[in-house]
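**Q** Just need the structure, nothing else, for what follows:
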Amino acid sequence: MNFFDTDFHCHILPGIDDGAANTEESVKLIQMQMAQGVRNIVATPHFRLHEISIEKFLKRRAAAFDKLLNCGAIKEMPHIMLAAEIALERNLCYVDGIELLANQEMDTLLIEIPYEGYRKWMSEEIEEIAYRTKKQIIIAHLDRYVDIFSSADYNDILNIPDAIFQFNTSTFTKWKSKKLVKPFIKDDYPIIFGTDCHNTTSRKPTFDLMLKQLKKYEPNYNVRKLFEN
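**A** Numbers count the residues shown, from 1 in each chain. Sure thing, here's the model as predicted:
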């Protein structure tokens, strides 16, 4: 898989979360992504254990995906992989079936840390999830926490064994988050990017912006090595 044409985090499935409201919006998002060079999409609808069971979520996700595939509005469909953006909660590691939410093709789980002050239990919970599920962990949109996490908080997260760090493509539109991602690129951390797109207006795909910005790093840093790691 070419990581330079893969959107690892987005909300394109119709009517399942706060992303695409219907198939029409799903189609528009996919067309926007493909126009920006995306050929592989990891669909990651929100999963919150306190709102829905794993069984019900999987059924809803499958139904939304079938609706998209059968709408007949896209002649050339990109390769779509099903996964989930899993909201981190205490004792999530003990819940049976968490591994079913993984991207089965890549054997990864996308975990969303709560948008609040960092606590040690968060890293501990993620490590336990990885241990119990035997899946590689992707930590979602690290750039999102730039205003609430300290350097020490980020260091704790970076010490999670074998984790992959996902940044939103919009990180390059803001000075603080752009400054945050630069050391990850410079020091060869395993990072990937996702549009985290939800709609065609306020949270639209910006994959082309990410590609343009990464080219600026290539003369000094081996950007491709990030993905090879």
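**Q** for the chain, longest helix please?
**A** Taking DSSP state H as the criterion, the chain has its longest helix at helix 54-69.
**Q** which helices and strands does that one pack with?
**A** Secondary-structure packing of helix 54-69 (3 or more C-beta pairs under 8 Å, 6 or more residues apart in numbering; DSSP states H and E): helix 23-35, strand 79-82. For glycine as for every other residue, the C-beta is placed from the backbone atoms N, C-alpha and C.
**Q** Give me the distance from it to the chain's centre.
**A** Chain-centre distance of helix 54-69: 18 Å, with C-alpha atoms, centre = their mean, to the nearest Å.
**Q** Return the set of buried residues in that helix.
**A** 54, 57-58, 60-61, 64-65, 67-68 (16 or more other C-beta atoms under 10 Å).
**Q** picking that back up, in CSV: the helices and strands packed on helix 54-69, plus distance to residue 120 and mean neighbour count.
**A** Formatted as CSV, the helices and strands packed on helix 54-69 follow (distance: least, C-beta to C-beta, whole Å; neighbours: other C-beta atoms under 10 Å):
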stretch, distance to residue 120, mean neighbour count
helix 23-35, 37, 19
strand 79-82, 32, 17
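**Q** Can you say which of these is nearest to residue 88?
**A** Among these, the nearest to residue 88 by C-beta to C-beta is strand 79-82 (20.0 Å).
**Q** Nearest spatial neighbour of residue 131, chain-adjacent residues omitted?
**A** residue 93 (7.8 Å; C-beta to C-beta, 6 or more residues apart in numbering).
**Q** pLDDT value on the one you found, please?
**A** Residue 93 carries a pLDDT value of 97.
**Q** That one reaches residue 124, doesn't it?
**A** No. With contact defined as C-beta atoms under 8 Å, residue 93 does not reach residue 124; the gap is 9.1 Å.
**Q** Those two: which is more packed in?
**A** residue 93 (18 against 14; other C-beta atoms under 10 Å).
**Q** Surely that one is in a helix?
**A** Yes. Per DSSP: H, G, I helix; E, B strand; the rest coil, residue 93 lies within a helix segment.
**Q** tell me the contacts of it?
**A** 125, 128-129, 131-132 (C-beta atoms under 8 Å, 6 or more residues apart in numbering).
**Q** pLDDT weak spots in the chain?
**A** 1, 218-229 (pLDDT under 70).
**Q** Go again with 50.
**A** Along the chain, segments meeting pLDDT under 50 are nowhere present.
**Q** Now residue 34. Nearest residue, chain neighbours left out?
**A** Going by C-beta to C-beta, 6+ apart, residue 34 has residue 78 as its nearest residue, at 6.0 Å.
**Q** and the one you found, how many neighbours does it have?
**A** For residue 78, using other C-beta under 10 Å, the count is 18.
**Q** Let me see the contact set for it.
**A** 30, 33-34, 38-41 are the contacts of residue 78 under C-beta under 8 Å, 6+ apart.
**Q** can you do 7 Å?
**A** Residue 78 makes contacts with 30, 34, 38-41, as judged by C-beta atoms under 7 Å, 6 or more residues apart in numbering.
**Q** Please tell me how far it sits from residue 204.
**A** For residue 78, the distance to residue 204 (C-beta to C-beta, to the nearest Å) stands at 17 Å.
**Q** quick one, helices of the protein?
**A** 23-35, 54-69, 120-133, 151-158, 175-186, 207-217, 223-228.
**Q** And those helices: which comes nearest residue 105?
**A** Closest among the helices of the chain, using C-beta to C-beta: helix 54-69, at 14.1 Å.
**Q** now could you export just the CA positions of the closest one as CSV?
**A** Output of helix 54-69 as CSV, limited to C-alpha atoms (Å, rounded to 0.1, in the frame of the first residue of the first chain):
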residue,chain,number,x,y,z
ILE,A,54,-19.8,-3.6,19.7
GLU,A,55,-22.4,-5.9,18.1
LYS,A,56,-24.8,-3.1,17.2
PHE,A,57,-22.0,-0.9,16.0
LEU,A,58,-20.7,-3.5,13.6
LYS,A,59,-24.2,-4.1,12.2
ARG,A,60,-24.7,-0.3,11.7
ARG,A,61,-21.3,0.1,10.1
ALA,A,62,-22.0,-2.8,7.7
ALA,A,63,-25.4,-1.4,6.8
ALA,A,64,-23.9,2.1,6.1
PHE,A,65,-21.1,0.6,4.0
ASP,A,66,-23.6,-1.5,2.0
LYS,A,67,-25.7,1.6,1.4
LEU,A,68,-22.6,3.4,0.1
LEU,A,69,-21.5,0.6,-2.2
